[in-house]
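Engineer: Okay, here's the prediction I keep looking at, along with the sequence it came from:
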Amino acid sequence: MTLQSTPKITPFLTFNRQQWAELRKSMPLTLTEEKLKPLLGFNEDLSLEEVSTIYLPLARLINYYIEENLKRQSVLNKFLGVSHTKVPYIISVAGSVSVGKSTSARILQALLSQEHKVELITTDGFLYPLAVLEKKQLLKKKGFPESYDIHRLINFVSDLKSGKNQVKAPVYSHLTYDIIPDQFSVVNQADIVILEGLNVLQSGMNYPSSPHNVFVSDFVDFSIYVDADEQLLKQWYIHRFLKFRRSAFSDPNAYFHHYSTLSEEEAIQTASTIWDEINGLNLRQNILPSRERANLILVKGDAHAVETVKLRK
């Protein structure tokens, strides 16, 4: 008698590229190569084929979810006997450093903007300023949960979901590695807000010393996690570091200007150490444990191509 293996029970439906691409249906591709280039990250070279295969079906799914969300809002307003209050649909995009979540967020913004007013906000703006991080001795923990002004971020998403006009988000500069004083991104009556960052799926386990019991994910309507094997992530991080060394780091005003003088061998070793001591550690301790909380997981393979899509049932 042979024992039959029990199928693994999972809360996700899993699709390969072809299966997922078929769900695009008649969703039109309005992006051109020229429009796609500015959306790509510094370390990526995605094609229009990748947009058609992965992001068009995703945009179609999100549009369905938004339709249902609007119906629910209408039912609530009818029940309460109140006029319509515009509340944005919030999509979060999480994942590791160097996985390409910013590119995913920008492509989604471009596709969804065909029918909606879409704003993109990154949680980098809610990092504590450098002076505060230095005072708290958190410079080597930048990107870890404790390096964010989580209460300010919670207030931001809470204001969005309250239907407040003119909601401000602080702006972060990757050149100076700091918050830009008195500069804000203003969200005003958007249909959709895409919130991109390392920490958008994190919960109480990531903030044990904080007294608040409300998290960013409590305000999110649809969450995406961009995933890849850590070996790939480290390779992509080192590759991006080498590109920055030849470009952005060469600016005398850049916080990391001193890295521009490194030889290629020194730069590879430096980037590898930064990954092992900071980004990889943060991934394993804080980011990866939040992955299964997402509504959808994009699993990448070589060259940033998505190989598998996992959609929560």
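Structural biologist: Sure thing, it's come through.

Engineer: Just give me how far the lengthiest helix in the chain sits from the chain centre.
Structural biologist: The residue-count maximum for a helix in the chain (DSSP state H) belongs to helix 56-80. Remark: helix 56-80 is offset 22 Å from the chain centroid, using Cα atoms, centre = their mean, to the nearest Å.

Engineer: After it, which helix or strand is next? Please name it.
Structural biologist: strand 89-95 (DSSP states H and E).

Engineer: helices or strands up against the following helix or strand past that following strand?
Structural biologist: Once strand 89-95 ends, the next helix or strand along the chain (criterion: DSSP H and E) is helix 101-112. Using 3 or more Cβ pairs under 8 Å, 6 or more residues apart in numbering; DSSP states H and E, the elements in contact with helix 101-112 are helix 56-80, strand 89-95, strand 118-122, strand 192-196, strand 222-227. For glycine as for every other residue, the C-beta is placed from the backbone atoms N, C-alpha and C.

Engineer: Could you list the buried residues of the longest helix of the chain?
Structural biologist: Within helix 56-80, the residues scored as buried using 16 or more other Cβ atoms under 10 Å are 56, 57, 58, 59, 61, 62, 63, 66.

Engineer: hey, where'd the helices end up in the stretch 201-313 of the chain?
Structural biologist: In the stretch 201-313 of the chain, the segments counted as helices under DSSP state H, counting those that start in this stretch are 230-246, 264-274, 280-282.

Engineer: export these to TSV and tack on distance to residue 117, mean pLDDT and mean neighbour count?
Structural biologist: Converted to TSV, those look like this (distance: least, Cβ to Cβ, whole Å; pLDDT from 0 to 100; neighbours: other Cβ atoms under 10 Å):
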stretch	distance to residue 117	mean pLDDT	mean neighbour count
helix 230-246	31	95	18
helix 264-274	38	97	14
helix 280-282	33	97	18
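
Engineer: Residue 80 is nearest to which of these?
Structural biologist: Nearest to residue 80 among the helices of the stretch 201-313 of the chain is helix 280-282 (42.9 Å), distances taken as Cβ to Cβ.

Engineer: So, low pLDDT: which residues of the stretch 201-313 of the chain?
Structural biologist: Along the stretch 201-313 of the chain, segments meeting pLDDT under 70 span 204-212.

Engineer: could you give the angle of the longest helix of the chain to helix 101-112?
Structural biologist: Relative orientation of helix 56-80 versus helix 101-112 (axes from the mean of the first three to the mean of the last three Cα atoms, to 10 degrees): 70 degrees.

Engineer: Contacts made by helix 56-80 with the rest, please.
Structural biologist: Helix 56-80 has contacts (Cβ atoms under 8 Å, 6 or more residues apart in numbering) with 20-25, 27, 29, 83-85, 87, 89, 91, 108, 111-112, 115-116, 191-192, 221-222, 224, 296, 309, 311.

Engineer: got the angle between it and strand 192-196?
Structural biologist: 120 degrees.

Engineer: In space, what's closest to residue 185 - neighbours in sequence excluded?
Structural biologist: The shortest distance from residue 185 to any residue other than its chain neighbours is 4.7 Å, reached at residue 169 (Cβ to Cβ, 6 or more residues apart in numbering).

Engineer: Packing partners of the strand or helix carrying the one you found?
Structural biologist: Using DSSP H and E, residue 169 falls within strand 167-173. Applying 3+ Cβ pairs under 8 Å, 6+ apart, one finds that strand 167-173 contacts helix 150-161, strand 178-187.

Engineer: do that again at 10 Å, thanks
Structural biologist: Under the contact definition 3 or more Cβ pairs under 10 Å, 6 or more residues apart in numbering; DSSP states H and E, strand 167-173 sits against strand 118-122, helix 150-161, strand 178-187, strand 192-196.

Engineer: what's the closest of these to residue 39?
Structural biologist: Shortest distance between residue 39 and these, using Cβ to Cβ, is found for strand 118-122: 10.5 Å.

Engineer: Can you name every helix or strand that the next helix or strand along the chain from that closest one contacts?
Structural biologist: Next helix or strand after strand 118-122 toward the C-terminus (DSSP H and E): helix 130-135. Applying 3+ Cβ pairs under 10 Å, 6+ apart, one finds that helix 130-135 contacts strand 178-187.

Engineer: can you give me the mean pLDDT across the strand it packs on?
Structural biologist: Averaged across strand 178-187, pLDDT comes to 96.
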